[in-house]
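*Asks:* Sequence and predicted structure, then a few things I'm wondering about:
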Amino acid sequence: MIELMAERSREMSIRTALSAKEALEVIAQKTFEVIVVDYDMPDINGIEFLKILRKNGDLTPVIIFTGVGGEYTAIEALN
């Protein structure tokens, strides 16, 4: 949904990945202005994904969407 909306504006270029593993491979090859992930991904969650990015020295801003969780999830992401 986000991809469709962003591309309609013609101001953004979007690259999607079907898994966290695929996303990490793409990120290793290309830089992005922002990374948008779902908290509840099949292989790892969005927090673990963020931890991997930061461990690898990637400081790209990350937006984590979630339909679950609450205050605890937000605090975990900020930490």
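*Replies:* Received, thanks. Numbering: from 1, shown residues only.

*Asks:* List the contacts of the residue sitting nearest the centre point of the chain.
*Replies:* The centre of the chain sits closest to Val37, judged by Cα atoms, centre = their mean, with a distance of 2.8 Å. Going by Cβ atoms under 8 Å, 6 or more residues apart in numbering, Val37 touches Ala20, Ala23, Gly46, Phe49, Leu50, Val62, Ile63, Ile64, Phe65. Heads up, the C-betas are built off the backbone N, CA and C, glycines and all.

*Asks:* looking at it, the fifth one is touching Val62, isn't it?
*Replies:* Think Leu50. Yes. The pair Leu50 / Val62 is scored as a contact, 5.3 Å apart, by Cβ atoms under 8 Å.

*Asks:* Can you list the strands that the helix or strand containing the residue nearest to the centre of the chain pairs with?
*Replies:* Element membership for Val37, per DSSP states H and E: strand 35-38. In the sheet, strand 35-38 lines up against strand 62-65 (parallel) (DSSP bridges).

*Asks:* how about Glu7, secondary structure?
*Replies:* Of the three states, Glu7 takes helix under DSSP: H, G, I helix; E, B strand; the rest coil.

*Asks:* Centre of the chain to the helix or strand following the strand holding Val37, how far?
*Replies:* Next helix or strand after strand 35-38 toward the C-terminus (DSSP H and E): helix 46-55. Computed by Cα atoms, centre = their mean, to the nearest Å, the chain-centroid distance of helix 46-55 equals 9 Å.
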